[in-house]
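J.: What shape does this take:
(4 chains, ligands or ions: 4)
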Number of protein chains: 2
Amino acid sequence: MKKTDIFKKLRSSGLRPTKQRVEIAKFLFDREKTFHFTVESLNKLLEKKTTSKFALATIYNTVHSFKNAGHLSEVEVKGNKTYFDTNVSNHHHFYDSETSQLIDIDAKEVVIQKIPKAPNGKKIKNVEVFINLKN
Amino acid sequence: MKKTDIFKKLRSSGLRPTKQRVEIAKFLFDREKTFHFTVESLNKLLEKKTTSKFALATIYNTVHSFKNAGHLSEVEVKGNKTYFDTNVSNHHHFYDSETSQLIDIDAKEVVIQKIPKAPNGKKIKNVEVFINLKN
DNA sequence: TTTCACTTTAGAATCATTATAAACTATTAC
DNA sequence: GTAATAGTTTATAATGATTCTAAAGTGAAA
Ligand SMILES: [Mn+2]
Ligand SMILES: [Mn+2]
Ligand SMILES: [Zn+2]
Ligand SMILES: [Zn+2]
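T.: Ligands and ions are numbered 1, 2, ... in the order given. Below is the predicted model of the structure:
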């Protein structure tokens, strides 16, 4: 991902490209594969990868701005922490509770043959498939 | 549900049938349909339905005992509160984020035609389908 | 009726997250 | 440039859900 793309992500999230935000954005978006993380895990990885220190509030604020701009999505996982996902397309997940690891499943990999119709007056917004793993 | 069944649920959870526990168990299990709840919502409903007061710790402890015994399951819902479910069979959910309401979907109502195989060395424990609703 | 294990309870502690307000930094106005 | 201004980071406090703790309550068993 080019530097200009990082800046584009920041600008489109209403964020000016400060040192901290650029480092967070690079870390999140300059990669091949999907990245699933909690604010805590992101903080630890940032500490390792960079020389800077980040206030937790800065990470929370930046991540939320990206999420509100649609550059990050949220994944529901058992437990009390919030998981974020750099894959914002419609997709599904494997979840390995042993390692607390999420693995993406492309929407095309899951075909649903039958699904009930939505209750009175409601429509289906989207369908999420969550596959729990064991050893 | 008969009183003896309530007692059976309590005993099989390692709980002696005290006044509070019996009231919680009756409220949870003596009903036709599935009940989805948070500890907070359960507490409010118990206050309305009964004359007793319940310490939050008592509700937390009792609910967790039921969950550990397999009489309650946990449902992942966006947000910070933990949702419990009196339906412990394999099933799916509609979720209406407007009203924070969960609606059960029987496992038979969903047929999945294609699913990816589990990653190296892992097996599929179960598949959960979550259908988000909109108006 | 005394003992003793188990319960309930109020309140404290914890943990993730959010809010606050002061110190910093960059941008704009003169 | 310097001053004013707007936006940012940060440490720390506040919050809210959940868990822990320790004291008081309850009831079965000796
Ligand atoms: Mn969760
Ligand atoms: Mn949740
Ligand atoms: Zn994902
Ligand atoms: Zn359910």
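J.: Name the helix or strand of chain A that has the lowest mean pLDDT.
T.: helix A:3-12 (a mean of 88; mean pLDDT, DSSP states H and E).
J.: Run through the neighbouring helices and strands of that one.
T.: Counting contacts by 3 or more C-beta pairs under 8 Å, 6 or more residues apart in numbering or on different chains; DSSP states H and E, helix A:3-12 packs against helix A:19-29. All C-beta spots, glycine's among them, are computed from the backbone N, C-alpha and C.
J.: quick one: average pLDDT of the helix it packs on?
T.: Taken as a whole, helix A:19-29 has an average pLDDT of 96.
J.: ok, and what's touching the next helix or strand after it?
T.: Counting by DSSP states H and E, the next helix or strand C-terminal to helix A:19-29 is strand A:36-37. With C-beta atoms under 8 Å, 6 or more residues apart in numbering or on different chains as the test, strand A:36-37 has contacts from A:Leu45, A:Val75, A:Tyr83, A:Phe84, A:Asp85, A:Thr86, A:Gln101, A:Leu102.
J.: ok, now which ones touch the second one?
T.: What that stands for is A:Val75. A:Val75 is in contact with A:His36, A:Tyr83, A:Phe84, A:Asp85, A:His93, A:Leu102, counting by C-beta under 8 Å, 6+ apart.
J.: any chance you could read off phi and psi for it?
T.: Dihedral pair for A:Val75: phi -120, psi 140, per degrees, to the nearest 10.
J.: Quick check: it vs A:Thr51, distance?
T.: In this structure, A:Val75 and A:Thr51 are 30 Å apart, going by C-beta to C-beta, to the nearest Å.
J.: all strands for chain A, in order.
T.: For chain A, the strands defined by DSSP state E cover A:36-37, A:73-75, A:83-85, A:91-96, A:101-106, A:111-114, A:123-134.
J.: what's in contact with the fourth one?
T.: Which is strand A:91-96. Identification of contacts with strand A:91-96 by C-beta under 8 Å, 6+ apart yields A:75, A:77, A:101-107, A:109-110, A:128-133, B:116, B:118-119, B:122.
J.: Next, count neighbours for the residue in chain A positioned nearest to DNA strand C.
T.: Closest residue of chain A to DNA strand C, C-beta to the nearest atom of the strand: A:Thr82 (3.2 Å). As a burial measure, A:Thr82 scores 19 neighbours (other C-beta atoms under 10 Å in any protein chain shown).
J.: Also A:Thr58?
T.: Per other C-beta under 10 Å, the neighbour tally for A:Thr58 reads 15.
J.: mind checking pLDDT for it?
T.: Listed pLDDT for A:Thr58 reads 98.
J.: again, but for the one 5 residues further on
T.: In the predicted model, A:Val63 carries a pLDDT score of 98.
J.: again with A:Ile124
T.: Looking at A:Ile124, its pLDDT is 97.
J.: Near chain B, which residues of chain A are found?
T.: Within chain A, the positions near chain B by C-beta under 8 Å from any C-beta of the partner chain are A:74, A:76-78, A:80, A:82, A:94, A:96, A:103, A:105, A:109-116, A:118-119, A:121-135.
J.: Now list the buried members of these.
T.: Using 16 or more other C-beta atoms under 10 Å in any protein chain shown as the burial test, the residues of chain A next to chain B include A:76-77, A:82, A:94, A:96, A:103, A:105, A:110, A:115, A:118, A:122, A:127-133 as buried.
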